[in-house]
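Student: quick one, structure for this:
(2 chains)
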Amino acid sequence: DTGVSQNPRHKITKRGQNVTFRCDPISEHNRLYWYRQTLGQGPEFLTYFQNEAQLEKSRLLSDRFSAERPKGSFSTLEIQRTEQGDSAMYLCASSLEGHTEAFFGQGTRLTVV
Amino acid sequence: QQPVQSPQAVILREGEDAVINCSSSKALYSVHWYRQKHGEAPVFLMILLKGGEQKGHDKISASFNEKKQQSSLYLTASQLSYSGTYFCGTLQGAQKLVFGQGTRLTINP
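Tutor: I've put the predicted structure just below:
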């Protein structure tokens, strides 16, 4: 296992299109986080999973965003009807349960034109 | 609610020391420190679990004052490789990992 993997690394889409990103966490990690990061800012929490259960979703997230983690393994983040303001780096991280370190993937950079 | 970091940016000459602070209005169960270089993912540095705990490796160390709900990261005799943006993260409700806005550290030769 080589760490957290995210695909694609880059995505350019037209405004109004739907996009889906994938995250493959470290295999034994039961926690999975999604973050959004814009230039000069810290990772902004979007949502997280404990196994297959989505435990919390940020109130800042509109209904256009949805995430799944079927079978508690990989996760997908979908953005419907993309807007220019959705342009950002989307980071995925995974960890074991409890106060343990989180490992980040390389991120998916989304550009909405 | 995200933790607050200070300062927002630091510029040092190689060999100088720096302190980065992280504070929270909510009770802290643990504090995580990460470093992110431009264009890369954040990389874990250390985690502090108990009030009063201090940790470190190489010349980077941190302390955690549970009562004051704050943590500090210390970089001594800074090296060029220390450049990057440092984030503190806190586990809220002991489950959700939330990050501060970051402190950009620039080390000049």
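Student: the helix or strand containing residue B:21 packs against which elements?
Tutor: Per DSSP states H and E, residue B:21 falls inside strand B:18-23. If you count contacts as 3 or more C-beta pairs under 8 Å, 6 or more residues apart in numbering or on different chains; DSSP states H and E, strand B:18-23 packs onto strand B:4-6, strand B:9-13, strand B:70-75, strand B:84-92, strand B:103-108. In short, each C-beta sits where N, CA and C put it, glycine included.
Student: flag the helix or strand of chain B with the lowest per-element mean pLDDT.
Tutor: Least confident element among the helices and strands of chain B, by mean pLDDT, DSSP states H and E: strand B:54-57 (a mean of 72).
Student: pull the residues that contact that strand.
Tutor: With contact meaning C-beta atoms under 8 Å, 6 or more residues apart in numbering or on different chains, strand B:54-57 is reached by B:46, B:47, B:48, B:61, B:62, B:63, B:64, B:74.
Student: look at the last one and report its pLDDT.
Tutor: Which is residue B:74. Listed pLDDT for residue B:74 reads 95.
Student: return the distance of stretch B:100-107 from the chain's centre.
Tutor: 9 Å (C-alpha atoms, centre = their mean, to the nearest Å).
Student: run through the residues of chain B sitting next to chain A.
Tutor: Taking C-beta under 8 Å from any C-beta of the partner chain as the test, the list of chain B residues beside chain A reads B:2, B:29-30, B:32, B:40-44, B:47, B:49, B:87, B:89, B:91, B:94-102, B:104.
Student: show the buried residues in those.
Tutor: Neighbour-count burial (16 or more other C-beta atoms under 10 Å in any protein chain shown) applied to the residues of chain B next to chain A gives B:2, B:30, B:32, B:41-42, B:44, B:47, B:49, B:87, B:89, B:91, B:96-102, B:104.
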